[in-house]
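*Asks:* dropping the sequence and predicted coords here.
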Amino acid sequence: MDEGAQRALARLAARWSEFTDLRTLADIALQRGNERQRLTGVLLARHPGSLRFEALSPFGQPYLLVTVHEGRLTAYDAAKHEALVGPATADTLARVLGLPLAPEDLVAVLAGRPAPPRDLRSAALLPPDALGPSLELVTGDDRRRIWLDLETGAARQVELDGGRLTVRITFRREGEAPAGFDLDAVQTNLSGSVTYRHTVLGGGIPAERFTLTLPKGAKIQDIR
């Protein structure tokens, strides 16, 4: 690994380590082919790999709740009174949320601070293109490319290539605070945007907010 790649990795790692938690209202717009979906919900994320999302009805009541905490995924559909429960992996999160990212990587993306992967095998600093310089990272499962400011480590865009699926995520910010992101997964014909409102960084979120007690009688399905 050359010196430039080492410095860029250190910048990414430093920004990721500075993140503690995020609380925001998220407006989500997704399009898959001719099908469009819009929803608004409360999003909580906590370093390193905990998140909670509550999709809200027009009357403000949650109808879909998803939590990831300590390696477990729980998704509850209030309308169907059904829940999916299982390990939180890139595969299960892709099935529930549409993003093939492990919990720590997903929280890093939600925070707008993609982190160096733990199973990194190689890293190379690529010459600038229209978006600027980028860092190519190879793990045992995927290849990812992160466009970033080499002085601050602030990421502009990340492209994740898992072999069968390539996802491109472009970050938006208001100063140092994340403002959301746009995503595009060409192979699945999926595109969309997530826009944050009333964002609070580092406000402190108790761990118990990331656990979900299912209502009595809910039909539970294991997901793997």
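*Replies:* That came through fine.
*Asks:* elements contacting the lowest-mean-pLDDT helix or strand in the chain?
*Replies:* Within the chain, no helix or strand scores below helix 90-97, which has a mean of 88 by mean pLDDT, DSSP states H and E. Based on contacts counted as 3 or more CB pairs under 8 Å, 6 or more residues apart in numbering; DSSP states H and E, the elements that helix 90-97 packs against are strand 62-69, strand 72-77, helix 103-110. C-beta here means a position set from N, CA and C on the backbone, and glycine is covered the same way.
*Asks:* what about 10 Å?
*Replies:* When contacts are defined as 3 or more CB pairs under 10 Å, 6 or more residues apart in numbering; DSSP states H and E, helix 90-97 packs onto strand 50-56, strand 62-69, strand 72-77, strand 82-87, helix 103-110.
*Asks:* could you identify which of those is most buried?
*Replies:* Compared across the helices and strands packed on helix 90-97, helix 103-110 shows the largest average neighbour count, a mean of 23 (mean count of other CB atoms under 10 Å).
*Asks:* any idea of the angle the least confident helix or strand of the chain forms with strand 72-77?
*Replies:* Angle of helix 90-97 versus strand 72-77, following axes from the mean of the first three to the mean of the last three CA atoms, to 10 degrees, is 20 degrees.
*Asks:* low-scoring stretches of this structure, by residue?
*Replies:* 163 (pLDDT under 70).
*Asks:* and the longest helix for it?
*Replies:* helix 3-18 (DSSP state H).
*Asks:* list the buried residues of the helix or strand just after that one.
*Replies:* Following helix 3-18 in sequence order, the next helix or strand is strand 21-32 (DSSP states H and E). Judged by neighbour count (16 or more other CB atoms under 10 Å), strand 21-32 contains these buried residues: 21, 22, 23, 24, 26, 28, 30.
*Asks:* from those residues, which is closest to residue 196?
*Replies:* Compare each of the buried residues of strand 21-32 with residue 196 using CB to CB and the shortest gap goes to residue 24, at 4.3 Å.
*Asks:* nothing else from me, thank you.
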